[in-house]
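Chemist: quick one, structure for this:
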Amino acid sequence: MPSLLVPAYGQLPAIALNPVHLPPAAGCRADLVRARQLVSANELAALILHGGLGDGCRLIETGCGAVHFFEASHIPGAGYLDTCEIEEPPLWNKVPDEALLRVLLSRGIRHDTTVILYGRNNLAAARVAHLMLYAGVTDVRLLDGGFAAWQAGGHSCEAGPSRSLSPVAGFGISFPAHPEFLADMAQARALLGRNDTALVSIRSEAEFLGKVSGYSYIAARGDIPGALWGRAGDDGDVNSMTAYQLDDGTMRPAAGIAAMWQLEGITAEQRIAFYCGTGWRASLAFFYAWLMGWPEIAVYDGGWLEWSGGLVETCDRWTSKC
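Modeler: Here you go, the predicted model:
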């Protein structure tokens, strides 16, 4: 992966939006620079009702080994993408670029395709959203609140296998278009100890303080010395993002997220790489920062799993022993 990355973090480009028009909705997120990329359940329902899921748009549910749930009930018109197709062991990092490109092309996704993502665990959708932005898909949207929001809104579902999506022959632009959205270990390390950069831990307090590793397959406890705590969710639940999401799973106000970060010394003027254990929580923080218009952001894909590799069971985050 390092050979595929560039050392600089470029400015986030303007989005070239496709003509997949969502009708105005009450409560539209005026607090977000890229408000159109966070879709409410009502907006998505209106899009489906008006035939908006045409050749230029893909609605995709994401999950990990959860296709049986998808086949039992899903949003009408959706296809299914398993995260095991876009990340691989042992570190659960992004698959090689050639494999990622094949996954996108097999589902008819070019750089100019509108892609609307959701999940039963929306962290999976955020993981895929981040990698699609990395690839260069210019119009990536996330269903705010995921499948739970769709159900809570009383919208109809359908059962059956994943919708057949016609493949395309080419992506249309150089791939990946935004390698700066991913950071390797060397790039992550270079962000430490500077005022104009930040390596940000999107982990629970218990994980950050070294009380637990958070994962059954990660022995080492602790965190990266010098990393700033970007918060996550409830202790003992690596799928919790209550610091970022309301009780219904929708995104908290942007001003509150920015204020939370500022208390930890994290600002939009910095060059930032988010990380967690393996990438899912960091991807949600990245996507929210992207929605907010933060210009120089990335995900350190290896996260604590890579950084702590070969360590003893405990790790003192307050020293350089890590």
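
Chemist: return stretch 95-108 as PDB; C-alpha atoms alone will do.
Modeler: Written as PDB, here are the backbone C-alpha positions of stretch 95-108 (Å, rounded to 0.1, in the frame of the first residue of the first chain):
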ATOM      1  CA  VAL A  95      -7.700  -4.400  -0.900                       C
ATOM      2  CA  PRO A  96      -5.100  -3.600  -3.700                       C
ATOM      3  CA  ASP A  97      -6.200  -0.900  -6.000                       C
ATOM      4  CA  GLU A  98      -6.700  -3.400  -8.900                       C
ATOM      5  CA  ALA A  99      -9.200  -5.400  -6.800                       C
ATOM      6  CA  LEU A 100     -11.000  -2.300  -5.600                       C
ATOM      7  CA  LEU A 101     -11.400  -1.100  -9.200                       C
ATOM      8  CA  ARG A 102     -12.800  -4.500 -10.200                       C
ATOM      9  CA  VAL A 103     -15.400  -4.300  -7.400                       C
ATOM     10  CA  LEU A 104     -16.600  -0.900  -8.600                       C
ATOM     11  CA  LEU A 105     -16.700  -1.700 -12.300                       C
ATOM     12  CA  SER A 106     -18.600  -5.000 -11.600                       C
ATOM     13  CA  ARG A 107     -21.400  -2.900 -10.000                       C
ATOM     14  CA  GLY A 108     -21.400  -0.400 -12.800                       C
END
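
Chemist: ok, now which ones touch residue 160?
Modeler: residue 71 (CB atoms under 8 Å, 6 or more residues apart in numbering). For every residue, glycine as well, the C-beta is placed using N, CA and C.

Chemist: look up how far residue 80 lies from it.
Modeler: Counting by CB to CB, to the nearest Å, the gap from residue 160 to residue 80 is 11 Å.

Chemist: before we move on, what about residue 135?
Modeler: 19 Å.

Chemist: among these two, which residue is more densely surrounded?
Modeler: residue 135 (25 against 19; other CB atoms under 10 Å).

Chemist: tell me the pLDDT at the more buried one?
Modeler: On pLDDT, residue 135 comes in at 99.

Chemist: now swap in residue 321 and tell me
Modeler: pLDDT at residue 321 comes out at 31.

Chemist: go on, residue 61?
Modeler: For residue 61, the predicted pLDDT is 98.

Chemist: that's a strand at it, yeah?
Modeler: Yes - per DSSP: H, G, I helix; E, B strand; the rest coil, residue 61 lies within a strand segment.

Chemist: that one bridge partners, please.
Modeler: residue 80, residue 118 (DSSP bridges).

Chemist: quick check: residue 261 vs residue 276, distance?
Modeler: Separation of residue 261 from residue 276 (CB to CB): 15 Å.

Chemist: whoops, residue 300 was the one
Modeler: Distance of residue 300 to residue 276, computed by CB to CB: 9 Å.

Chemist: common neighbours of the two, please.
Modeler: Counting by CB under 8 Å, 6+ apart, the residues touching both residue 300 and residue 276 are residue 282.

Chemist: more neighbours, residue 261 and residue 276?
Modeler: residue 276 (29 against 25).

Chemist: neighbours of residue 292, just the number please.
Modeler: 21.

Chemist: show me what contacts it?
Modeler: 31, 32, 33, 34, 254, 257, 258, 268.

Chemist: do that again at 7 Å, thanks
Modeler: Residue 292 makes contact with 32, 33, 254, 258, according to CB atoms under 7 Å, 6 or more residues apart in numbering.

Chemist: which residue is the nearest non-sequential neighbour of the first one?
Modeler: Take residue 32 and drop its neighbours on the chain: the residue closest to it by CB to CB, 6 or more residues apart in numbering is residue 291, 4.7 Å away.

Chemist: what ranges do the strands span in the stretch 51-200 of the chain?
Modeler: Under the criterion DSSP state E, counting those that start in this stretch, the stretch 51-200 of the chain contains strands at 57-63, 79-82, 87-88, 93-94, 114-119, 139-143, 182-183, 197-201.

Chemist: now tell me what touches stretch 88-98 from outside.
Modeler: 1, 4, 86-87, 100, 131, 175-176, 182, 278-279, 301-302, 305-306.

Chemist: burial of residue 236, as a residue count?
Modeler: Residue 236, neighbours per other CB under 10 Å, totals 12.

Chemist: quick check, pLDDT for it.
Modeler: 86.
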